[in-house]
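> With the sequence up front, the predicted model follows.
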Amino acid sequence: MRDNRPRSVNQAISETVQPFILILFLLGAAILVASGGIAYFKNGAFPAALMLWGTGAAVAASGTYYGISGNLKNGTVAGVIACLALFLFFEIGGGVSRLAILWLPVIPLISFYTQGFSRAIAISAAFAAGTVTVSVIGQLNLVALPYESEEYLIIFLSFGIVSLLVGLYQNSVEQGRKRLADHYTQDELTGLPNRTKLKEDLAAGGQAALMLINVDDFREINDLFGDREGDQTLAKMALRLNEARRGAEDARLYKLHADEFAILIPGEDSRDNLDLFARRIALESGRELVIAGVSVRVTVSVGIAMGNRNLYAEADLALRAAKQGRQTHAFYDRAMSVGDRYYDNARRLGRIRAALASDCFVPYFQPILSNSTERVTKYECLARIRDGEGTAMPVEFLDISRRAKVYPEVTRRIFSKAFERFRDTDCEFSVNLSLDDILNPETVEFVLEWIDRADLGRNLIFELLETDRMSDSPEVFEFLKSVRARGCRIAIDDFGSGYSNFDFVLRVRPDFLKIDASLVRRVADDENALLVVKTIVEFSKQLGVATVAEHVHERRVFDRVRELGIDFTQGHYVGKAEPEPANMPILRTFQPVVVG
């Protein structure tokens, strides 16, 4: 993610003020030179004229340097010294130096801008004290002065007024600078330091530990309850994370983009302590949270990195590993590094290309049980690689095949073998269809030709993995119209996890809703999961849509699924995916698989 913050807040302000300061430099130099001319040509005071010309040259040189370099501090040193010298040698110049006095109020402007508010006040106070002292000396006639004491008071008053105005201006600039800095380094929703601030703190270096914390399935909360409730959920999570770090006062909490937080712990710490800290975060975050009047259990995943270099990138890799492994937290290790991942990706791509060349992509068939008849009535066709290295699951090759642009060929290999296996049978079967498949004209043509040629429409079910892009794609609805006209049916896969949109269901009107494993696995123990599943089942029944419980792995879950009135069951408790559908084409009576 690119950081759009300006290069420097000070630089932006400096560029705004720079022309004004430069004009003051040049004006002061012109006045000094003119004063020198008057001193020499009118009064014949050559020493005074020489001093004024030298001072003017110094001011002009410093102004020129500032105009070229933009460095106000270095550029004003000569000018400030020259002006102070001019003030000390008023007596030499006599009355002809009065015009030069007009440039003196520039000194507080420069001091405020270059030295900061507190030092500028000290400089101004010293200058004012000197002016008052000289005025008192004049009043007491202790020393003969070139000006009347009232003139010194005028100088003091003009100096004070300019100092006050410049002070107010500087204070306004500082407040604006602070607001601008806060805008770039503070999260508006939670008030916590943001990603930009975290990057700055990490750039400071030193040994530290970084935890990246992601709210699991946050998009689902937004979809179900709306953005407003989603924002309130993030604000509540920030409070819980802040509570979790109690006892680790040096740990700093940050709110990053979207649904992500971070905790930075300066200094060295043991892996065991960080492990306990991560568990405390998971425990504190996992307490029930009320969202729109509904009690929901929100969980987090944590990625942890330790060291003094590349902490953000390493913690991000650890976070991905935690989410992929469905763990509460994971520590970074070198196996997650970019080089190792590149090598692993290259190895997997080589295996994919070899599998295509040797025709090693095959469908596996997992039975789906009708809960009303207790008979297997359908099979889902799942992609596998089966070669000399063993059997590879989709997670090992689908993403890489997409990036390598061989995914359409993989899809067609699996589909052709599945279609061939079920042609001329009365068995219902389903294949998974992604948005990439639907947007590929060759794949769509291939599928429609197979349906027409083998008369598959009455038995074929397309399982759609819904995404936000799919719900907005007109090609999806055009494809669904085409296959439905041929008798095919539609299922929405993994409903209730990640991106799940009830509006999409209403628009598609599927024949089946497959309830996601993350809910089904917990339905016998977790009241929140049970509540969500009940809602999905009731919603489906009102629409006349059949439901399928995925990943049913044990008897307790199976019994609860049947109690809820779910129409079909799929999972290891019913049967694992196998290279051949069992007892085809005669569908078998259900006998539960005994798991270890």
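The structure has been received and is ready for your questions.

> Wait, Ile515 touches Asp493, no?
No - at 9.9 Å, Ile515 does not count as touching Asp493 under the criterion of C-beta atoms under 8 Å. From N, CA and C alone the C-beta is placed, and that goes for glycine too.

> quick one, domains of this structure?
According to automatic domain parsing, the chain comprises the domains 9-185, 195-336, 349-570.

> Just give me the lowest mean pLDDT stretch among those domains.
Per-stretch averages of pLDDT across these put domain 9-185 at the bottom, with a mean of 57.

> which one of Ile515 and Asp493 has more residues nearby?
Neighbours around Ile515 and Asp493, counted as other C-beta atoms under 10 Å, are more numerous at Ile515. The numbers are 28 against 23.

> ok now do the more buried one, which residues does it touch?
The contact partners of Ile515, by C-beta atoms under 8 Å, 6 or more residues apart in numbering, come to Phe495, Gly496, Val533, Ile536, Val537, Thr547, Val548, Ala549, Glu550, Ile566.

> Same question for Ser430, what's its three-state structure.
strand (DSSP: H, G, I helix; E, B strand; the rest coil).

> That one and Arg484: what is the separation?
15 Å (C-beta to C-beta, to the nearest Å).

> Of those two, give the one with the bigger neighbour count.
Ser430 (27 against 15).

> Find the nearest non-adjacent residue to the more buried one, please.
Nearest residue to Ser430, sequence neighbours excluded (C-beta to C-beta, 6 or more residues apart in numbering): Ile461, at 3.8 Å.

> Count the neighbours of Val476 for me.
21.

> Keeping just the C-alphas, turn the host helix or strand of it into CSV.
If you go by DSSP states H and E, Val476 is part of helix 474-485. The C-alpha trace of helix 474-485 is given here as CSV (Å, rounded to 0.1, in the frame of the first residue of the first chain):
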residue,chain,number,x,y,z
PRO,A,474,-23.7,-9.4,-15.8
GLU,A,475,-21.8,-12.3,-17.4
VAL,A,476,-22.7,-14.4,-14.4
PHE,A,477,-26.4,-14.0,-14.8
GLU,A,478,-26.2,-14.5,-18.5
PHE,A,479,-24.4,-17.8,-17.9
LEU,A,480,-27.0,-18.9,-15.3
LYS,A,481,-29.8,-18.1,-17.7
SER,A,482,-28.2,-20.3,-20.4
VAL,A,483,-27.5,-23.4,-18.2
ARG,A,484,-30.9,-23.2,-16.5
ALA,A,485,-32.6,-23.2,-19.9
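
> Adjacent strands (with direction) for the helix or strand following it?
Toward the C-terminal end, the helix or strand that comes next after helix 474-485 (DSSP H and E) is strand 489-495. In the sheet, strand 489-495 lines up against strand 460-465 (parallel), strand 512-515 (parallel) (DSSP bridges).

> Just the element for Ala418, please.
helix 407-422.

> Give me the nearest residue to Arg521, chain neighbours excluded.
Closest to Arg521 by C-beta to C-beta, 6+ apart is His551, at 6.0 Å.

> count of residues packed around the one you found?
Residues near His551, counting by other C-beta under 10 Å: 18.
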